[in-house]
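Undergrad: pasting the sequence and the predicted coordinates here, then a few questions.
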Amino acid sequence: MASQRCKHGLVICEKCVVITDAAKRVHDAIGIAITFHTIEEISRGWMAFALADGQTDHTIYPSKVEAIRHQSDEFRYMYVSLARCIGGMSAKDAQLFLDVHRQAYDGGMRLTDPDNAIMMPQGREQLITRPTYESERGYVRPWKQGREFKPNAT
């Protein structure tokens, strides 16, 4: 399936995203849940949203496993940890989240690991390196090359 790309060359772009009614429903439902439930329920809760139209049953499930178990087909829904959006979710973020899930499911990926609390897969084996003085400044220290160091020289 060939996906259209935006003017930035991306399939999903935060600058070109068009907010749909489905994203507005997700935004509203999360706002309602945060308003009318306790912080304890929100901090451990999960909600399920239909990928087709953003509909939800407004149930806050105690775990992702329970949220998945109560849906007719796990791949037709996205699962949102309310602890990750304790202050709400903007309609733009909801649209991007829907777009990522739709794209992944269309491509055969599975974003819903029932035994894992992580909402999206992450690369865990990536080496994290600290920037060095040389990499930040974009040059090798001159005294290592046998020249005199002049800090203000260009």
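TA: Perfect, thanks for sending it.
Undergrad: OK, contacts around Ile30?
TA: Applying C-beta atoms under 8 Å, 6 or more residues apart in numbering, one finds that Ile30 lies in contact with Met47, Val80, Leu82, Cys85, Gly88, Met89, Ala94. For the C-beta atoms, the positions are set from N, CA and C on the backbone; glycine is no exception.
Undergrad: okay if I get those as a markdown table plus distance to Ala104?
TA: Putting those into a markdown table (distance: C-beta to C-beta, whole Å) gives the following:
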| residue | distance to Ala104 |
| --- | --- |
| Met47 | 18 |
| Val80 | 15 |
| Leu82 | 21 |
| Cys85 | 19 |
| Gly88 | 24 |
| Met89 | 18 |
| Ala94 | 16 |
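Undergrad: quick one: which of the residues you listed is nearest Ala23?
TA: Ala94 (4.1 Å; C-beta to C-beta).
Undergrad: do you know the pLDDT at that closest one?
TA: Per-residue pLDDT puts Ala94 at 94.
Undergrad: buried stuff in the host helix or strand of it?
TA: In the assignment (DSSP states H and E), Ala94 maps to helix 91-106. By neighbour count on 16 or more other C-beta atoms under 10 Å, the buried set for helix 91-106 is Ala91, Asp93, Ala94, Gln95, Leu96, Phe97, Leu98, Asp99, Val100, His101, Ala104, Tyr105.
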